[in-house]
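[1] turn this into a structure:
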Amino acid sequence: MDTKKWKSVLVPTDIYEEIVVISHVEGRTISGQLRIIFDAWKRENLTAQDQKFLEGEMREKKLQEERLDEKKLGTA
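    A predicted model of the protein is given here:
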């Protein structure tokens with residue numbers, strides 16, 4: 001598994017089973033269904049300010065990871 005692209009997440013079995021059924025009904029993969037659920041949660045629960053903060057934090061995290069990768073490859 002490419003750990004830069006995918007992560008394992010522990011969820012209670014009953015929640016997992018519901019996600020599996022919902023993803024089947026919706027014609028999505030489990031990861032696709034989790035993305036839909038997560039995006040809907042962000043839209044419904046985060047303020048515009050919170051969303052901007054999150055976007056900034058994620059940009060910074062990506063930049064740090066890119067710098068680390070460059071350092072490992074000796075291209076920095």
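[2] any weak-confidence spans in this protein?
    Along the chain, segments meeting pLDDT under 70 span 75-76.
[3] do a quick rundown of the helices in it.
    Residue ranges of the helices in the chain, as given by DSSP state H, are 13-26, 30-45, 48-73.
[4] export those as a markdown table, with columns for distance to T3 and mean neighbour count.
    Where C-beta positions appear, they are placed from N, C-alpha and C, glycine not excepted. Compiled in a markdown table, those are given as follows (distance: least, C-beta to C-beta, whole Å; neighbours: other C-beta atoms under 10 Å):
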| stretch | distance to T3 | mean neighbour count |
| --- | --- | --- |
| helix 13-26 | 21 | 12 |
| helix 30-45 | 14 | 12 |
| helix 48-73 | 12 | 10 |
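[5] now the ones you listed in TSV, with distance to K5?
    Supplementary listing: the helices of the chain in TSV, determined by distance: least, C-beta to C-beta, whole Å:
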stretch	distance to K5
helix 13-26	19
helix 30-45	10
helix 48-73	12
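[6] so for M1, which of those sits nearest?
    helix 30-45 (11.9 Å; C-beta to C-beta).
[7] the closest one versus helix 13-26: what angle between them?
    100 degrees (axes from the mean of the first three to the mean of the last three C-alpha atoms, to 10 degrees).
[8] quick check: angle from helix 30-45 to helix 48-73?
    Interaxial angle of helix 30-45 relative to helix 48-73 (the same axes, to 10 degrees): 140 degrees.
[9] which residues does helix 30-45 contact?
    Helix 30-45 has contacts (C-beta atoms under 8 Å, 6 or more residues apart in numbering) with W6, I19, V20, I22, S23, E26, R28, Q51, L54.
[10] and for the last one, nearest residue in space, chain neighbours not counted?
    What that stands for is L54. Take L54 and drop its neighbours on the chain: the residue closest to it by C-beta to C-beta, 6 or more residues apart in numbering is L46, 6.9 Å away.
[11] the one you found - how many residues pack around it?
    Burial measure for L46: 13 neighbouring residues, criterion other C-beta atoms under 10 Å.
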